[in-house]
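S.K.: Need the 3D shape of this:
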Amino acid sequence: MTTQDRTVQQATTAVKLSTRRRSSPGDAIFAGVVRTSGLFVLGLLGAIIVVLALGGTQAFHAFGPGFLISDDWDPVQDIYGAAVPIFGTLATSVLALLMAVPLAFGIAFYLTELAPMWLRGPVSTAVELLAAIPSIIYGMWGFFVVVPIMAEYVQPFFIDNLGELPGIGFLFQGPPFGTGILTAALILAVMVIPFIAATMRDVFETVPPVYKESAYGLGCTTWEVVRSIVIPYTRVSVVGGIMLGLGRALGETMAVTFVIGNTNRIASSLFGPGNTIASLVALEFPESESGSLKLSSLLALGFILFVISFIVLAISRFLLRPRLKT
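M.R.: Residues are numbered from 1 along each chain as shown. Below you'll find the model as predicted:
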């Protein structure tokens, strides 16, 4: 038998074995299970969207597009608007990112470039454990520890020193109650730091060592290597991780409910109380009667939050996809 004949025979045998594997009952069962799992996720997502959309139909019909821009929330007169919780959700989340991203970058920078090897493991574990703490614990910690500190030291300091400045002074005015938009954003920042820091650390470690070694060989400092090599190489994934942290902040409920003040008005000051979509739904839902306009308004708020979160997560997946393919 020639070499060519043996090759043809081996190929034929391989095809027969592959056909048997594909036709085995175990493979068919496994394929059916995984296909069902994937379709179940899509079906569950679609069911949530349908329930929220249909539940909020009454509110959307009653108030029209004005529901999105109205700041009224009066259960006594059955008048509802989504502007206050939407503003509170976006304001607290954006402020949380402004505080969390620099700290998360510092943690990731330290763990990948400066920390000794024996310390990287414990610090990484501690960062990941922060993500496992229940949100209600963060809320209780914020209410009993952060709020008194904000009321006694932080807010009075900013009011006295920045409250009279032209242009930005209005952001730091008002009574120092301790609760408010800034306090809620601070708690959210602490909660999202582990997610963003872990993502940054992982993507920083994907940079080929030869790139950094070449830069060090040219005389670059550690910061210059990070600024000119690491950040440009991982920019897409870092932004995607930040967007994932934003998605986490948008939907937070209990921690924010404890410290935001829960007032249905748009405050011009960072120290003013407010509401988020999640906190308002958590507070008002138990008191809503089935079939009422109030319940429909809350479901409409849930649908709006779902849309905002979906947009944020879709952007993050879009930003992460190019890096995952490399």
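S.K.: What helices and strands are in contact with the helix or strand where F30 lies?
M.R.: Of the helices and strands defined by DSSP states H and E, F30 is found in helix 25-55. Using 3 or more C-beta pairs under 8 Å, 6 or more residues apart in numbering; DSSP states H and E, the elements in contact with helix 25-55 are helix 293-325. For glycine as for every other residue, the C-beta is placed from the backbone atoms N, C-alpha and C.
S.K.: and the helix it packs on, average pLDDT?
M.R.: When pLDDT is averaged over helix 293-325, the result is 79.
S.K.: Run the angle between that helix and helix 25-55 for me.
M.R.: Counting by axes from the mean of the first three to the mean of the last three C-alpha atoms, to 10 degrees, helix 293-325 lies at 140 degrees to helix 25-55.
S.K.: Could you list the buried residues of helix 293-325?
M.R.: By neighbour count on 16 or more other C-beta atoms under 10 Å, the buried set for helix 293-325 is 293-306, 308-309, 312-313, 315-316, 319-320, 323.
S.K.: Over to stretch 177-186?
M.R.: G178, T179, G180, I181, L182, T183, A184, A185, L186.
S.K.: Need phi/psi at I69.
M.R.: phi -110, psi 0 (degrees, to the nearest 10).
S.K.: All further residue positions should be reported with the first residue as 3.
M.R.: In the new count, where the first residue is 3, that last one comes out as I71.
S.K.: What distance do you get for it to A84?
M.R.: 8 Å (C-beta to C-beta, to the nearest Å).
S.K.: Also V35?
M.R.: In terms of C-beta to C-beta, V35 sits 41 Å off from A84.
S.K.: same question, F308
M.R.: Applying C-beta to C-beta, the value for F308 to A84 is 13 Å.
S.K.: I'd like to know which of the buried residues of stretch 179-188 is nearest to L272.
M.R.: For the buried residues of stretch 179-188, the residue nearest L272 by C-beta to C-beta is L184; the value is 4.1 Å.
S.K.: Output the below-cut-off pLDDT ranges for the chain.
M.R.: 3-26, 321-328 (pLDDT under 70).
S.K.: In a strand, F179, correct?
M.R.: No: counting by DSSP: H, G, I helix; E, B strand; the rest coil, F179 is not found in a strand; it is coil.
S.K.: was I right about it contacting P150?
M.R.: No: using C-beta atoms under 8 Å, F179 is not in contact with P150; the gap is 10.6 Å.
S.K.: more neighbours, V35 and A84?
M.R.: Higher neighbour count among V35 and A84: A84, with 26 against 10, using other C-beta atoms under 10 Å.
S.K.: I figured the more buried one was touching A302, is that so?
M.R.: Yes: A84 lies in contact with A302 (C-beta under 8 Å); the separation is 7.1 Å.
S.K.: Quick check: neighbours shared by these two?
M.R.: Taking C-beta atoms under 8 Å, 6 or more residues apart in numbering as the contact rule, A84 and A302 both touch F69.
S.K.: any idea which helix or strand comes after the helix holding F32?
M.R.: Next in sequence after helix 27-57, counting helices and strands by DSSP H and E, comes helix 59-65.
S.K.: Show me which residues of that following helix are buried.
M.R.: Q60, A61, F62, A64, F65.
S.K.: Make CSV from the residues you listed and add distance to I170 to it.
M.R.: Below are the buried residues of helix 59-65 laid out as CSV (distance: C-beta to C-beta, whole Å):
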residue, distance to I170
Q60, 41
A61, 36
F62, 37
A64, 39
F65, 34
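S.K.: Quickly check those residues for the two that are furthest apart.
M.R.: Every pair of those checked by C-beta to C-beta; the farthest is Q60 and F65, at 9.7 Å.
S.K.: for the buried residues of stretch 179-188, which one is nearest L46?
M.R.: The closest of those, once distances to L46 are taken by C-beta to C-beta, is A186, at 29.9 Å.
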